[in-house]
Structures are given as C-alpha cells and as structure tokens.
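Novice: coords please:
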Amino acid sequence: MTEPSATDRRRRPAWAGRNYSLLTAAAVVAGLGNSGALIAAAFAVLQAGGDGTDAGLVAAARTVPLVL
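Specialist: Residues are numbered from 1 along each chain as shown. Sure, this is the predicted structure:
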C-alpha cells in the first residue's frame, strides 16, 4: 500500500468547489454580523440611558420579524 501524495491529501471533494466555499464563507460572515449587530444594538440602548428592559425590547423587536 502506498502513502497518498501531498496533492491527493489537499484535494477537495467534487461538491466542495470554489462556489461552495465562497457561499459557506459568506454565510458564516453574515451570521457573525447579525449576531454582532444584536449585541451592538443592546449596548447602544444602554449607552443612551435605557435599562435592561429597553435592551430586551430592542432584541425582541429585531428577533420577532425573523421568526415570523
């Protein structure tokens, strides 16, 4: 039995082409951005003088349309 060469080990499956890799990377970045925006909105409410209830209302207002 022979050992696979370096080029064989780096080879991706046929379904994992360039477009799939770009789509996956874009989905990860978009998910991180959406999560970060929710946290930033909560901190903005607290910075503006709101309390925990106001921050919860902002979070709910961002989440309800996604659920519906």
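
Novice: for Thr63, which non-adjacent residue is spatially closest?
Specialist: Leu38 (7.9 Å; C-beta to C-beta, 6 or more residues apart in numbering). Bear in mind the C-beta positions are built from the backbone N, C-alpha and C, glycine included.

Novice: isn't that neighbour up against Arg62?
Specialist: Yes: applying C-beta atoms under 8 Å, one finds Leu38 in contact with Arg62, separated by 5.9 Å.

Novice: tell me which residues of the helix or strand harbouring the residue nearest to Thr63 are tucked away?
Specialist: Applying DSSP states H and E as the criterion places Leu38 in helix 18-47. Within helix 18-47, the residues scored as buried using 16 or more other C-beta atoms under 10 Å are Ala42, Val45.

Novice: next, count neighbours for Ala59.
Specialist: 15 (other C-beta atoms under 10 Å).

Novice: what's the offset of the host helix or strand of it from the middle of its chain?
Specialist: In this assignment (DSSP H and E), Ala59 forms part of helix 52-67. Its chain's C-alpha centre and that of helix 52-67 lie 18 Å apart, by C-alpha atoms, centre = their mean, to the nearest Å.

Novice: contacts for that helix, please.
Specialist: Ala37, Leu38, Ala41, Ala42, Val45, Leu46, Gly50 (C-beta atoms under 8 Å, 6 or more residues apart in numbering).

Novice: how close does Lys42 sit to Ala61?
Specialist: That one is not Lys; residue 42 is Ala. Between Ala42 and Ala61 the computed distance is 11 Å (C-beta to C-beta, to the nearest Å).
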